[in-house]
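Q: give me a 3D structure for the following:
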Amino acid sequence: MKLKHANARGNTMRDIESIRDDMSISTRGGTARPFNLMGLNSSEELRHLLPWTYPCVEAVIRFQRQTGYYLIQTYIPTFLIVCLSWISFWIDSSASTARVALGITTVLTMTTQTSAAQESLPRVSYVKAIDVWMAVCLLFVFSALLEFSAVNFLGRLADARKAKRKKAKVFFDNEAWLFD
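A: Numbers count the residues shown, from 1 in each chain. Okay, the predicted model is just below:
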């Protein structure tokens with residue numbers, strides 16, 4: 001973050017120096033932020049814009065993002081939600097209620113996690129790594145739900161074919177006496 005050429009109209013160099021000396025950045029108190037303050041540099045200079053000379057103050061503040069915060073708050077929970085959605089692969093395909101409840105719950109939880117992660121980050125026009133991570137996690141969770149739908153559909157189709165064959169076999173067994 002760079003604040004350069006702050007408006008100093010009507011202030012003398014002495015006024016700017018006293019304002020700068022009164023300003024301080026505190027890293028204590030308040031809410032815990034996912035950043036570390038790496039450096040704070042300031043400089044002052046006189047700008048000559050004819051016919052006047054203006055005092056200017058420049059402040060350069062450097063931050064470093066804490067990766068542990070995002071690991072604990074976003075990456076690990078979403079990974080666990082994806083693993084939880086895969087549990088539906090081991091649930092019997094006839095247990096529709098359990099599989100659908102698990103699938104929908106994990107999809108909704110991933111959507112909530114994505115919204116929470118987006119609120120804590122600045123809005124930018126480019127795709128961030130966390131956006132890709134969340135999209136892939138949501139894709140895995142939604143794919144698990146789609147897999148159940150496909151298994152359920154194919155299972156019902158196979159059951160219908162078996163019932164049709166069984167019905168045809170019973171019919172032919174009952175009509176066999178006509179040909180004896």
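Q: packing partners of the longest helix belonging to the chain?
A: Across the chain, the helix with the greatest residue count (assigned by DSSP state H) is helix 129-175. With contacts taken as 3 or more Cβ pairs under 8 Å, 6 or more residues apart in numbering; DSSP states H and E, helix 129-175 sits against helix 76-86, helix 96-119. To be clear about C-beta, it is placed using only N, CA and C from the backbone, and glycine gets the same treatment.
Q: between those helices, which one is nearest to E58?
A: helix 96-119 (31.8 Å; Cβ to Cβ).
Q: residues contacting N152?
A: S93, S96 (Cβ atoms under 8 Å, 6 or more residues apart in numbering).
Q: can you add mean pLDDT, mean neighbour count and distance to A150 and give the helices and strands packed on helix 129-175 back as a markdown table?
A: Below are these laid out as a markdown table (pLDDT from 0 to 100; neighbours: other Cβ atoms under 10 Å; distance: least, Cβ to Cβ, whole Å):
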| stretch | mean pLDDT | mean neighbour count | distance to A150 |
| --- | --- | --- | --- |
| helix 76-86 | 95 | 16 | 15 |
| helix 96-119 | 92 | 15 | 12 |
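Q: ok, now how distant is E58 from G103?
A: 55 Å (Cβ to Cβ, to the nearest Å).
Q: relative to the whole chain's centre, how far out is the longest helix of the chain?
A: 30 Å (Cα atoms, centre = their mean, to the nearest Å).
Q: sorry, back to before: mind putting the helices and strands packed on helix 129-175 in TSV, distance to A163 included?
A: Formatted as TSV, the helices and strands packed on helix 129-175 follow (distance: least, Cβ to Cβ, whole Å):
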stretch	distance to A163
helix 76-86	32
helix 96-119	18
